[in-house]
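Colleague: Quick one: sequence and predicted model below, then my questions.
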Amino acid sequence: MRRNLTRAEREMVAKIAPRLNTRNWVIRKKTDEYLVLQHKETGTKKVIPV
């Protein structure tokens, strides 16, 4: 799965990681426990606990 974040997901990520620009990240994997985000340009992956 590789898609942009929805508005609700962007707000949730902004609460956990406020310095992260969510417009530059896409979702690679989504579970009940965490999100795996991948940067659109560099390919860097981050795990964000939910």
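Modeller: The structure has been received and is ready for your questions. Numbers count the residues shown, from 1 in each chain.

Colleague: got the contact list for the residue found closest to residue 37 once you drop the neighbours it is linked to in the chain?
Modeller: Spatially, and ignoring its direct neighbours in sequence, residue 37 is nearest to residue 25 (4.3 Å; C-beta to C-beta, 6 or more residues apart in numbering). In this view, the C-beta of every residue, glycine as well, is placed from N, C-alpha and C. By C-beta atoms under 8 Å, 6 or more residues apart in numbering, the contact list for residue 25 reads 5, 13, 37, 38, 39, 40, 46.

Colleague: Just the element for the fourth one, please.
Modeller: In other words, residue 38. strand 34-39 (DSSP states H and E).

Colleague: Next secondary structure after that strand?
Modeller: strand 45-49.

Colleague: which helices and strands sit right next to that following strand?
Modeller: helix 7-16, strand 34-39 (3 or more C-beta pairs under 8 Å, 6 or more residues apart in numbering; DSSP states H and E).

Colleague: ok, the spatially most central residue of the chain - contacts?
Modeller: When C-alpha atoms, centre = their mean is applied to the chain, the residue found nearest the centroid is residue 37 (4.0 Å). For residue 37, the contact set (C-beta under 8 Å, 6+ apart) comprises 5, 13, 20, 25, 26, 27, 28, 45, 46, 47, 48.

Colleague: Would you mind naming the residues that bridge with it?
Modeller: Per DSSP bridges, the residues bridged to residue 37 are residue 27, residue 46.

Colleague: returning to that earlier point: against residue 48, how distant is the residue nearest to residue 37?
Modeller: Using C-beta to C-beta, to the nearest Å, residue 25 is found at 9 Å from residue 48.
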